[in-house]
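Peer 1: Here is a sequence together with a model predicted from it:
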Amino acid sequence: MSKFLDIQIDPGIVRLAARGDSRAHEIIYRTFGTPVYSICLRFTRVPAQAEDLLQETFIEVIRSIRSFRGDAPLGAWIRRIAVTKSLMYLRSAWHSRGQSLDDDFDEAAAVQAEGHSEFSSPDEAMDLDAALANLPAISRTVVWLHDVEGFTHKEIADLMGKTESFSKSQLSRAYQRLRPLLDEGARIDAADDAAFGSCNATN
């Protein structure tokens, strides 16, 4: 689950920020800057672009915080802004290549999955960092939003301007592509453990 929701901040700071207090703005930036940068980097894979999106996110936060009503945690609100900014960047990148959301995924998944299958255990779902690097942007985005950030398929569909079926099928096909990568990683770990155990036995 996302680190955003674990971050607590004094409601008084939020009220001050809404009144334009620069010190309150700085506190919010320092509190949420690292997770915002992290999520932007997950989507873009380009540190310089993630830095730009970090700045764009907090410009939007400062501009819009007067409209924050507190119906959800501040972190959830900031996270959504960061995700929206990241998706806008990805859309522009796809558009510049003459691709749609669907085209970008089809570069990596030629086989249509049947239904929606979750990984069978929490450990399997996921040791994602290395495996996600093998997916194109749209696949990586859906998996990260759903499995790590905890967005529902409806929320993902709304963010991407697509249907829930699109989100579900993207996730299912991404799982199909990820499973061999994760299985291979598990085999390597098991072989390393066996070799380490054998070494200890002979010492």
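Peer 2: Here it is on my side, so go on.
Peer 1: separation between residue 162 and residue 34?
Peer 2: From residue 162 across to residue 34, the span is 29 Å (C-beta to C-beta, to the nearest Å). (Each C-beta comes from the backbone N, C-alpha and C, glycine too.)
Peer 1: Neighbour count for the two, which is higher?
Peer 2: residue 162 (18 against 12; other C-beta atoms under 10 Å).
Peer 1: Phi, psi for that one please.
Peer 2: phi -120, psi -170 (degrees, to the nearest 10).
Peer 1: Read off the pLDDT value for it.
Peer 2: Listed pLDDT for residue 162 reads 87.
Peer 1: Ok, residue 108 next?
Peer 2: For residue 108, the predicted pLDDT is 37.
Peer 1: Show me how the protein divides into domains.
Peer 2: 1-98, 99-190 (automatic domain parsing).
Peer 1: Just give me the lowest mean pLDDT stretch among these.
Peer 2: Among these, domain 99-190 scores lowest, at a mean of 66.
Peer 1: can you pull the buried residues of stretch 56-76?
Peer 2: Across stretch 56-76, burial judged by 16 or more other C-beta atoms under 10 Å covers 56-58, 61-62, 65, 68, 74-75.
Peer 1: Mind checking which of the residues you listed land in helices?
Peer 2: 56-58, 61-62, 74-75 (DSSP state H).
Peer 1: With respect to residue 30, which of those is nearest?
Peer 2: residue 58 (10.5 Å; C-beta to C-beta).
Peer 1: which residues sit in contact with residue 81?
Peer 2: Taking C-beta atoms under 8 Å, 6 or more residues apart in numbering as the criterion, residue 81 is in contact with 57, 60-61, 64.
Peer 1: Helices of the protein, start to end?
Peer 2: Applying DSSP H to the chain gives helices spanning 11-18, 22-44, 47-64, 74-96, 101-106, 128-132, 137-143, 153-160, 164-202.
Peer 1: Mean neighbour count, the ones you listed: which tops it?
Peer 2: Of the helices of the chain, the one with the most neighbours on average (mean count of other C-beta atoms under 10 Å) is helix 137-143, at a mean of 25.
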